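Asks: Below are the sequence and a predicted model for it; my questions follow.
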2 protein chains.
Amino acid sequence: MDSLEDLLISLALNISVAVIILCLFSILRLIPKNKTFYFRTSPYKVRWSLTRTAPLLKEFLNFQWRNYFKVWIWIVETLEMPEPALIKHAGLDSTVYLRIYILGLKILCPICLLAFCILVPVNWTGQALHHVHDTFHSDIDKLSISNIPYGSNKLHAHIAMCYVFTLWTLYILYEEYKKIADMRHEFLKSRDPCAEEFTVLVRNIPVDPDNSINDQIEHFFRANYPYQYLTHQVVYNTKSLSRLTARKERAIKMLNYYRNKNQRMSENSTIKTGWLGLWGKRMDAIGYYAAEVENRTEEENSEKDKLTSDDTNVIRAAFVSFKTCQEAAKCSQSQQAIKATKWVTESAPEPRDIYWDNLLRPWINTSIRKMLVWATYASVLCFYMIPIAVVQSMENLEEIKKLLPKLAPVIEKLTHMGLVKQIVQLLIPGITLKIARELLRIIIEMICKMEGCISHSSFERRSAERFFWFYVGNIFLGNVLTGTIIQLHRSPFRTLKVIGSFVPLKAKFFMSTIMVDIWAEVAVDILNLVKLLKFRLNPRVKYGDEAVDPAHLLFSASEPQVQYYLLLGLVYAVITPLILPFVIFIFLCSYLVYSHQVINFYDKQYESGAVFWPTVHRHIIYSVVISEVLLMLMLSIQGEKLTPLLIPLPFLTLGFLKYSNNKFRSAFFVYPIEAAMVKDIIQQQPTQLPLDLNELLQDAYMHPSFKGG
Amino acid sequence: MDSLEDLLISLALNISVAVIILCLFSILRLIPKNKTFYFRTSPYKVRWSLTRTAPLLKEFLNFQWRNYFKVWIWIVETLEMPEPALIKHAGLDSTVYLRIYILGLKILCPICLLAFCILVPVNWTGQALHHVHDTFHSDIDKLSISNIPYGSNKLHAHIAMCYVFTLWTLYILYEEYKKIADMRHEFLKSRDPCAEEFTVLVRNIPVDPDNSINDQIEHFFRANYPYQYLTHQVVYNTKSLSRLTARKERAIKMLNYYRNKNQRMSENSTIKTGWLGLWGKRMDAIGYYAAEVENRTEEENSEKDKLTSDDTNVIRAAFVSFKTCQEAAKCSQSQQAIKATKWVTESAPEPRDIYWDNLLRPWINTSIRKMLVWATYASVLCFYMIPIAVVQSMENLEEIKKLLPKLAPVIEKLTHMGLVKQIVQLLIPGITLKIARELLRIIIEMICKMEGCISHSSFERRSAERFFWFYVGNIFLGNVLTGTIIQLHRSPFRTLKVIGSFVPLKAKFFMSTIMVDIWAEVAVDILNLVKLLKFRLNPRVKYGDEAVDPAHLLFSASEPQVQYYLLLGLVYAVITPLILPFVIFIFLCSYLVYSHQVINFYDKQYESGAVFWPTVHRHIIYSVVISEVLLMLMLSIQGEKLTPLLIPLPFLTLGFLKYSNNKFRSAFFVYPIEAAMVKDIIQQQPTQLPLDLNELLQDAYMHPSFKGG
């Protein structure tokens, strides 16, 4: 991309792809048969009705022509839902997640306005590049800090703007942190009594040869919480039971499928009992699966008896419940045993939120596993610099020619066609990067799984943390580093200076990736073509047995990506403000698409009460610090004498992180005694329905395969 | 110091000074009049008795000549005291403090033995320096790692030894951490019930215009701890009251002094009432001070009434007491209010341990103050490199000549006398360093005071932390860095390599400072000449009114110094093992001297139950990590190809720190519910004396000037 003209061409190209995808969605959603797919969790009744036509056509075509004049109505429907309704419908997690986009817009829009009013004119009049004509610099750079000559007084403006932008960001962050903490408090206060409020998770219960684990837990808690201890639920090692339950459920599903099929088709289906149903004895399907279900149920029951009768099948962990929220809050926050690593208590996660596979691992290994995980993660990040470097080298078609000489004639031809050259040069790095990133997502999730988070929410936060540093270290810094090194063919010894002076040059590359992401990440998500086809082609759907696979917001993957765009926005706000409209545009699109998905498509997997906000807050602060440090580096290279004025800024920013965390962080992780007391008092009001705690707690913390029975 | 011979001369010199000081002490302690000074807290009845001679002489001379043949008996007396008796007499803090020396010996003695058996022969046979004759290298270096030629296989031995030394150190540290945690647990369990077990300190109580603070506290805790809340004590702003009380006490002291004086001398003393008693109206001393005491008492009482009657005089903090230890433990470990920064609770410190001046500061400022304190500390450390560099330049007499040309002829003369040259060259850097350090001690304590620790024990730990990093950064690394830079007159750009290759050369300098410290730090402490003279020359002592000023172990100053010696030992264990005997010797001397002081001289200021041990543990681990990193640096410069084998070691060491802290750290800061329950149960035993909690708590947490009334 060499000029402003090229930029506009590729912008037009990418936007049109995005618009085409959104149009396709707007039409696909009107097809009556897709109603159960695109609007499966929608709280609205869908606003178009069906006319009476031939039953076959009716399923595939919408004959209410008026609907086609209002194809974009879904945007209005999405945006007009008020926040309290959204919380009620989709939960606090999703609602607060959508606020990240709003937060990004709140931060970036005023910054963008200021940057275009002040910094762009200052940069443009710098004129350092107006007479330079080389392969690296383009028209776009004339709007960036590179256009200002060495040691010019105009750089004072950038220092002042850095202060203004930082203070604005911190102000917005503070207000948002406060608001979300209040929302969480309000949410916890107003929800119905639930099991996790009365329960703590106790781990690493010491082995006592004289007592059964049940007696042991009861003795311990009756002694320490004599008036308030209510009951407990030991955690059994249900690994083998889960396998049995899964097989039973598969059999039940097949039984239902054949029953429905036989009923509709009025015939008796038969199956082959061998491998994959391809060979073996032919039998009546219903009879076979009915017998299968019976056998599995028997196996399951005997396994359950075995588990409950023998203490050796017990993980040394239990969910202990109290009579009041207050006592549970006290217990979860204090150290129980004299040995700090025994009888470790914490607030119980929501039952749906429990990550059973990890809970079943022995607690003692956690610290060793953590170290291994860190080592693995560090080495993965190091090795991932290789694909990043390859992507960088491919950005330049000349480099591709050198790497793959056989492709040279093809490339020669391509270069004669301007538009195609644009497409190749812009799409290839973006798409390759996307593939590398998807691969890493799988690796990181595997690593985090090994680490032993006991709830899905903490697992997702942990993955997001890991993924964020991958974006910062490999995608952002890695691209700047390797890209400039490759382009310059210089020795890595002058790296620091090279990074500094080429940060502005990389803006073009990042702009192109954002443009690609607008359709490749965001628009594609609402169309959901792969899932739609999979759903349509599943024979079981036809008999009304199978629903769409559950889908949910993947916090661990989307949050770091949002943070990456925000990082680009914050870093380039002072250096190359031209990137800001792109970031703002992708935030707007994402907000629209994900709002629609949250309302109409996603399931609620669990409800953690926006416990991820401190992570989001922290990541934004880190981005601010990175932007400050890079600006300092660049200004000192540009010969700005006032650069030391920026030194307090990173410390101030990190100080703000500490200050705000001191103030609000505990609202997300600690249940204060006062709040628990209010909850207890509300519960005891005569206007309240009487609460049967025993019923509430009876099987809340049983492993799902136990409950099945 | 150029050769082994020089080293031995200066060793003999320093040891003789130390021996002279100890002899002086052994004799001074026999003077009957010094009994009340040197044995003021001794639990033994002093084993020599007085013969009947002239009353004047008797006070100054000990006529039991047999005592003079057993001058060193105090060493036996000191060492034969068993640990439980020591805990009972001097408290757990002092006992555990003395164990630091034992720990140092446990770590270093086997390391020293191994190093002398394996590394010293290996180094000696390296022979790289046997034909080098320059100003930097001396005989001593032939025993160090510098003597091994570039890339020699002999360096494998150093890698192996580094592993052995590290593992040994960590093993000893683990065992000691466990032992101290057990000792603390046993100590807390077996002591009599005391106020701090039932009490929590609540800070930052929000302002409520409708209620008095007393009502507010009672409502809040009656609601949250309905059955267990007992009473509370609000913290008043006693700044002005303290001033009044101090003036009253001064007046009482003077009154007593003149009463005693008049009685003994049978005369009426008169004083002048003006400035410093130098001019003004002459009055009867007793009458003047009696009136003064009366006036002050009245002022004090009206101030007390004023304080208690008005809520504006209240610091928003209080000591809240519960009926059981268990409830206090629960309350101190949980978050009370919905806003995390309000109603902040923590375990109450021991009443004697409270740092009232800091408690009276408003809580809200702490975080801002902390940032300021960090900034100040960082800049102080930076500026302190200047005196360090000056000290380094003075090590070389030639440099002194350049700096102070007027001294040149004197130095010329001195250089002709070998011994004097030694003395000057060895003593000057050591003593200058000591002065710089004493100055810094004052600065650091001022900085830490600003930070707002609310207990003396936490204040001392904080100061120790700060001081430790000063030792590591400025005294150890600073000396290595600036010393080598000055000596080599090279540009600082090759610093990394310079540090690496000159770490062994600095061993001589550190040996000389240790030798000086043996008498200048340790031996002088037992003699305590300044304090003795001050005590003797105070006229009030004569009339039996004034005691010796209280003295106590200054953890904040001595712990970092011990750590500094240990750091030297650990760093040079592999590089220049010759330093180890010196470190071991100073540990032995310190153990002897401070044991004697703890038993016979020091007062018990407060009892924190060895809460400082995690700090000690952490510092030793950091020293181990520093030693590993320096060794890696040095080996890679020496061309050892197996150096990467050492890379896991620092991570392993830091991992061990995390692991051991997870396991034992909470034993020092958290009162587990189980332990509190045991305490409550013991208290309720019929064999136990009935405990009157109200009496115990009545004025335990009143400001001392309130109690005075």
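Replies: Cool, got the structure.

Asks: ok, the residue most central in space within chain A - contacts?
Replies: For chain A, the residue nearest the mean C-alpha position is residue A:555 (1.8 Å; Cα atoms, centre = their mean). For residue A:555, the contact set (Cβ atoms under 8 Å, 6 or more residues apart in numbering or on different chains) comprises A:93, A:97, A:460-461, A:464, A:612. To be clear about C-beta, it is placed using only N, CA and C from the backbone, and glycine gets the same treatment.

Asks: how close does it sit to residue A:186?
Replies: 21 Å (Cβ to Cβ, to the nearest Å).

Asks: Identify the residue spatially nearest to the residue of the stretch 551-700 of chain A found nearest chain B, adjacent ones excluded.
Replies: Nearest to chain B in the stretch 551-700 of chain A, going by Cβ to the nearest Cβ, is residue A:666, at a distance of 4.0 Å. Excluding the flanking residues, the one nearest residue A:666 by Cβ to Cβ, 6 or more residues apart in numbering or on different chains is residue B:340, at 4.0 Å.

Asks: State the pLDDT value of the one you found.
Replies: You'll see residue B:340 listed with a pLDDT of 87.

Asks: Counting neighbours, what do you get for it?
Replies: Close neighbours of residue B:340, defined as other Cβ atoms under 10 Å in any protein chain shown, add up to 20.

Asks: need the strands for the stretch 251-400 of chain A, in chain order.
Replies: Remark: strands assigned in the stretch 251-400 of chain A by DSSP state E, counting those that start in this stretch are A:270-272, A:282-284, A:314-322, A:344-347.

Asks: so how far is the last one off the chain centroid?
Replies: A distance of 26 Å separates the C-alpha centroid of strand A:344-347 from that of its chain, computed with Cα atoms, centre = their mean, to the nearest Å.

Asks: got it, and the longest one?
Replies: Centroid displacement of strand A:314-322 relative to its chain, using Cα atoms, centre = their mean, is 30 Å.

Asks: Run through the stretch 101-250 of chain A and note the low-pLDDT ranges.
Replies: For the stretch 101-250 of chain A, the stretches with pLDDT under 70 are A:130-138.

Asks: cool, the stretch 301-450 of chain A as well?
Replies: A:362-367, A:391-405, A:407-408, A:411-427, A:429-430.

Asks: can we see that at 50?
Replies: Scanning the stretch 301-450 of chain A for pLDDT under 50 picks out nothing.

Asks: Give me every residue in it lying close to chain B.
Replies: Counting by Cβ under 8 Å from any Cβ of the partner chain, the stretch 301-450 of chain A comes close to chain B at A:326, A:329-330, A:333-341, A:343, A:367, A:371.

Asks: Determine the three-state secondary structure at residue A:232.
Replies: Put simply, residue A:232 is strand when judged by DSSP: H, G, I helix; E, B strand; the rest coil.

Asks: Apart from its neighbours in sequence, what residue is nearest it?
Replies: Excluding its sequence neighbours, the residue lying closest to residue A:232 (Cβ to Cβ, 6+ apart) is residue A:320, at 4.4 Å.

Asks: which ones are touching the one you found?
Replies: A:199-202, A:217, A:221, A:229, A:231-232, A:331, A:345.

Asks: quick one, longest helix in chain A?
Replies: Longest among the helix segments of chain A by residue count, using DSSP state H, is helix A:155-190.

Asks: Checking my notes, residue A:123 in a helix, right?
Replies: Yes - assessed by three-state DSSP, residue A:123 belongs to a helix.

Asks: ok, it to chain B distance?
Replies: In this view, residue A:123 and chain B are 34 Å apart by Cβ to the nearest Cβ, to the nearest Å.

Asks: Residue A:144 is in contact with that residue, correct?
Replies: Yes - with contact defined as Cβ atoms under 8 Å, residue A:123 counts as touching residue A:144 (5.9 Å).

Asks: which neighbours do those two share?
Replies: residue A:577.

Asks: How about the residue nearest to residue A:232: which residues does it bridge to?
Replies: Each beta-bridge partner of residue A:320 is listed here: residue A:200, residue A:232, as defined by DSSP bridges.

Asks: Tell me how far it lies from chain B.
Replies: Distance from residue A:320 to chain B, by Cβ to the nearest Cβ: 13 Å.

Asks: and what of residue A:312?
Replies: 26 Å.

Asks: Quick check: which of the strands of the stretch 251-400 of chain A is nearest to residue A:252?
Replies: Closest approach to residue A:252 among those (Cβ to Cβ): strand A:270-272, 15.4 Å.

Asks: Would you list the phi and psi of the residue in the stretch 101-250 of chain A that chain B sits nearest to?
Replies: The stretch 101-250 of chain A approaches chain B most closely through residue A:224 (5.1 Å), counting by Cβ to the nearest Cβ. The phi/psi pair for residue A:224 (degrees, to the nearest 10) reads phi -90, psi -30.

Asks: Run a quick check on it versus residue B:324, I expect a contact.
Replies: No - checked against Cβ under 8 Å, the pair residue A:224 and residue B:324 is beyond contact range at 11.3 Å.

Asks: Please compute how far stretch A:340-359 lies from its chain's middle.
Replies: On Cα atoms, centre = their mean, the centre of stretch A:340-359 falls 22 Å from the chain's centre.

Asks: can you tell me the distance between the two ends of it?
Replies: This stretch, stretch A:340-359, spans 19 Å end to end (Cα to Cα, to the nearest Å).

Asks: buried ones in that stretch?
Replies: For stretch A:340-359, burial by neighbour count (16 or more other Cβ atoms under 10 Å in any protein chain shown) applies to A:340-345, A:347-351, A:353-355, A:358-359.

Asks: and chain A, which residues reach chain B?
Replies: Of all the residues in chain A, those lying near chain B are A:185, A:223-224, A:326, A:329-330, A:333-341, A:343, A:367, A:371, A:651, A:655, A:658-659, A:662-667, A:670, A:672-675, A:677, going by Cβ under 8 Å from any Cβ.

Asks: the helices in the stretch 451-600 of chain A, which residues?
Replies: For the stretch 451-600 of chain A, the helices defined by DSSP state H, counting those that start in this stretch cover A:456-470, A:479-488, A:495-502, A:507-517, A:524-527, A:529-537, A:539-542, A:555-575, A:580-600.

Asks: any idea which of these scores lowest on pLDDT?
Replies: helix A:495-502 (a mean of 59).

Asks: Domains in chain A, by residue range?
Replies: A:85-192+A:368-670, A:197-349+A:692-707 (automatic domain parsing).

Asks: Compute the first-to-last residue distance for the longest one.
Replies: In this case it means domain A:85-192+A:368-670. Taking Cα to Cα, domain A:85-192+A:368-670 runs 26 Å from one end to the other.

Asks: Could you check the angle the helix or strand where residue A:87 lies makes with helix A:555-575?
Replies: Using DSSP states H and E, residue A:87 sits in helix A:83-114. Put simply, helix A:83-114 runs at 30 degrees to helix A:555-575, going by axes from the mean of the first three to the mean of the last three Cα atoms, to 10 degrees.
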